[in-house]
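>>> Output the structure for:
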Amino acid sequence: MHNINITTFQSSSKKKMELELSRVDYTIVGITSQSCMKLLPNTKPNEQQKVAVADTDGILQVFSVKKEDIQLHFKTLPGPKITSLQLGGETGTPCDKIFISSENEVRGYTKKGKLFLSFDSNMTEPITSMFVLSNDLFLCGKHIYNHYKDCKDIGSYLCGDCIVDVVALPMERSHRLIALIACEGRMIRALEHARVTMSMEIESSPTVLHIYENNGNKHVLFGTVDGRVGILDVERKQSFSRWFLHNDRFSSSISCIESYNMMENENKNLIIGRQDGSIEVYVVNIENDMDIPKLVYFMNCNESVTALQCGVVGNQGYDEILVATYTGRIFGLTTQALEKNVGGDSVVGNYIFSADTNQKVARLRTEIEELQLKVVKERERYQASTQTFLDEMSAIPLLSIKDSMVLSKDDASYILTLEVPTAIDNVLLQSDVPINLLDVEKNSAVVSFSEPDPQNKNYLLATYRCQINTNRLELKIRTIEGQYGILQAYVTPIIQPKCCQVRQYEIRPLSMHYRIHNFEENRKGESEFKSDNVTTISVLREYLTKEATKKKIKIDISVSVNDESVPHILKLIDPKLRSHSKLVDDISLLDALHELGVNDEETLNSLSPKYRNLLENEKELRAYYSGQPAYLDRLYGIITDLYIDYNKFKSVSAKSKIPKLLAILDNYNYEDLLYFFRPELNI
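So this is what the prediction gives:
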């Protein structure tokens, strides 16, 4: 029997939110994937709904809540990893049929647990995403899209990009069925009869698709890796429409989107789940292009959110947001006002229970104590068995790691996220190319560095020792374009026996660039690359030459340099160089003022307005400076590389002039820098 823990949750934002919700913990399942949970439709308004949830252990279970207890309706045996769970039903009937995908197979269950479908898709890849619409079934692997009607294959599409999600909907005007697939290469493709009819390019890689239905109108929304939500205009413009939700708070990527009327307004609310555990509720008006979404609720559960559903779960008549996390926690955020405080102890004053739960708390504590004793005994027995001279072996536990490495264009860095179902002991980073580690506000781990060994291609060796009960770690790194290799992360969790798992990430030559899709077609065997930055062309030439030599392929490379590209690039860098040069000077002045002991009011009043203003804004200046460590050195490096590469294409060695270039940068003036690059302009 499961008991339910209810906790009132105060929003972590300084401003009071308009929507007040309380957390109710229901149960814990295995590790979950995206789109792993659905609420079965109710037969009567405000009636409590059943929850269908699937995990990577291959277990599908359906439960409901009755008098704060979990009522399990059915539960399947373990099997292959379940990658997606969707609801379906024939046209005009409730969508109460449960469909799950695992490996190449799709199985269908009724709400009572009867297996009515076992369908082998014959796909050459495991199914990663699925969508069900009436008697149409859409299945996607990593690169394969398949469309089935009544379990008959009616078309497939091989995508050169990696597919992350799929949805389908009929067009309003033509009533034709259109499927949309979100692809990692910043593309969303529309398919009809398994043929691509349109390709919509967006600024960031999509992570999830959602059909927003309100007052009979349908809109296709998508979330991205950089935390934004966009709208597609599939029918009229047949392209990306606009950004609907910007990432002003520098949050992480969006993992799930749900729409539901939580506040009894004219329009449905938009509910967002993010990889860093953030759950956000917005008041929106999608019909108005000028509308700005308003945040009315925010909380962070400190675990990656894999699924969101809205409905009536815990108590009849009360809406709530049902949440599933990566580690398998299922909890709700309910609109029900919970007032009774059990025990009255100030230490546990944030735990709020209903009156019927009072007796269950004591029983739950007793059960926990009994379980703790059993765990201790089993651990002792296991440790004893590993030290015997018999043929018994210590089995290394399976460790599932959810990781991602995403380029952040705002500050030209990569965000590396590692999440483990159990607590992390430490993470060791090793790189065979030079990279810089940046501070992350969310990261509370203690980092220590070892001496690099460039001769053995060991440019970075850093260890992050995590705080207790940390199962998610976010790191920020900055690469150097032209330096390419492998970054390795050794993740060690707090489990017995001690084990470690390695994740590898490729640092590419043009690591700060991303793919484009619109380019001119050349003749066979030829490629033409254009850039306003000479350094980019230099990196490409060196990499292509090296790879061609390695593979013994003969290639001819010709380069044409436009001299006007130099002032163009320098003009782009000029504002950043000025602002960060001023910032470094301001920090130096602040350090000097503190060395002089400028603290008392009389001395402060004797200072000039410039220095008083510096001291007044010291906190903001130092915070900005610490968030961009060595940024000025990075700008110096970009300009130095530009000068060397520009002269290299002119067959001129420029290394001897680098000290003079650095002296000009230390006393920066745009005209002096331009004339240093192009002396012929200084007439």
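>>> C-alpha only now, for contacts and for neighbours.
OK.
>>> Flag the shaky bits of the stretch 301-450 of the chain, pLDDT-wise.
For the stretch 301-450 of the chain, the stretches flagged by pLDDT under 70 are 338-358, 385-396.
>>> The same query, at a cut-off of 80, please.
Along the stretch 301-450 of the chain, the parts satisfying pLDDT under 80 run over 337-364, 379, 381-398, 410-411, 441-443.
>>> Tell me which stretches of it form helices.
With DSSP state H, counting those that start in this stretch as the criterion, the stretch 301-450 of the chain has helices at 358-386.
>>> Also the chain?
358-386, 534-550, 565-595, 601-606, 609-616, 618-627, 631-648, 658-666, 670-677 (DSSP state H).
>>> Flag every buried residue along the first one.
Okay, so that is helix 358-386. V361 (16 or more other C-alpha atoms under 10 Å).
>>> Tell me how far that helix lies from the chain's centre.
Using C-alpha atoms, centre = their mean, to the nearest Å, the distance from the centre of helix 358-386 to the centre of the chain it belongs to is 36 Å.
>>> helices or strands up against that helix?
For helix 358-386, the contact count by 3 or more C-alpha pairs under 8 Å, 6 or more residues apart in numbering; DSSP states H and E identifies no helix or strand as a packing neighbour.
>>> Check the last one too.
When contacts are defined as 3+ C-alpha pairs under 8 Å, 6+ apart, helix 670-677 sits against helix 565-595, helix 658-666.
>>> Spatially, what comes nearest to I644 if we skip its sequence neighbours?
By the measure of C-alpha to C-alpha, 6 or more residues apart in numbering, the closest residue to I644 outside its immediate chain neighbours is A654, 5.7 Å from it.
>>> give the contact list for the one you found.
Residues in contact with A654 (C-alpha atoms under 8 Å, 6 or more residues apart in numbering) are 643-644, 647-648.
>>> picking that back up, next, format the helices and strands packed on helix 670-677 as TSV and append distance to N682, mean pLDDT and mean neighbour count.
Output for those, formatted as TSV (distance: least, C-alpha to C-alpha, whole Å; pLDDT from 0 to 100; neighbours: other C-alpha atoms under 10 Å):
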stretch	distance to N682	mean pLDDT	mean neighbour count
helix 565-595	13	89	15
helix 658-666	15	91	14
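>>> now those as CSV including distance to S101?
Formatted as CSV, these follow (distance: least, C-alpha to C-alpha, whole Å):
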stretch, distance to S101
helix 565-595, 50
helix 658-666, 59
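>>> Relative to S304, which of the ones you listed is closest?
helix 565-595 (34.9 Å; C-alpha to C-alpha).
>>> what's the angle from that closest one to helix 609-616?
If you take axes from the mean of the first three to the mean of the last three C-alpha atoms, to 10 degrees, helix 565-595 sits at 80 degrees to helix 609-616.
>>> Let me know the angle separating helix 565-595 from helix 534-550.
Using the same axes, to 10 degrees: helix 565-595 against helix 534-550 is 110 degrees.
>>> Point out the other helices and strands that helix 565-595 packs with.
helix 609-616, helix 618-627, helix 631-648, helix 670-677.
>>> I'd like to know which of those is closest to C95.
helix 618-627 (49.2 Å).
>>> which parts of that closest one are buried?
621-622, 625.
>>> quick one, what contacts the residue nearest to G141 when sequence neighbours are not counted?
Nearest residue to G141, sequence neighbours excluded (C-alpha to C-alpha, 6+ apart): I127, at 4.6 Å. With contacts defined as C-alpha under 8 Å, 6+ apart, the neighbours of I127 are 83, 101-105, 139-142.
>>> Could you check how far I127 is from E172?
29 Å (C-alpha to C-alpha, to the nearest Å).
>>> Could you do V427 as well?
51 Å.
>>> higher neighbour count, these two?
Shown here are V427 and E172; by other C-alpha atoms under 10 Å, V427 has more neighbours (23 against 11).
>>> From Q275, how far out is that one?
Relative to Q275, and taking C-alpha to C-alpha, V427 is found at 19 Å.
>>> which residues does the nearest residue to L428 once chain neighbours are set aside bridge with?
Among residues not flanking L428 along the chain, T463 sits closest, at 4.4 Å (C-alpha to C-alpha, 6+ apart). Assessed by DSSP bridges, T463 has beta-bridge partners L428, S448.
>>> hang on, T463 packs against L437?
No. Using C-alpha atoms under 8 Å, T463 makes no contact with L437, being 11.4 Å away.
>>> who's more crowded, the two?
T463 (18 against 15).
>>> Please name the residues that touch the more buried one.
With C-alpha under 8 Å, 6+ apart, T463 has these contacts: 426-429, 447-449.
>>> What pLDDT is listed against Y464?
If you check Y464, the pLDDT there is 93.
>>> For V406, see how far away the closest residue to it other than its chain neighbours is.
Using C-alpha to C-alpha, 6+ apart and skipping residues adjacent in sequence, the residue nearest Y464 is V447, 4.4 Å away. Separation of V447 from V406 (C-alpha to C-alpha): 21 Å.
>>> more crowded one of these two?
Neighbours per residue, other C-alpha under 10 Å: of V447 and V406, the larger number sits with V406, 17 against 13.
>>> and which of the contacts of T463 is nearest to D563?
L429 (41.2 Å).
>>> who touches that closest one in this structure?
460-463, 487-490.
>>> Kindly report the same for G79.
Per C-alpha under 8 Å, 6+ apart, neighbours of G79: 57-59.
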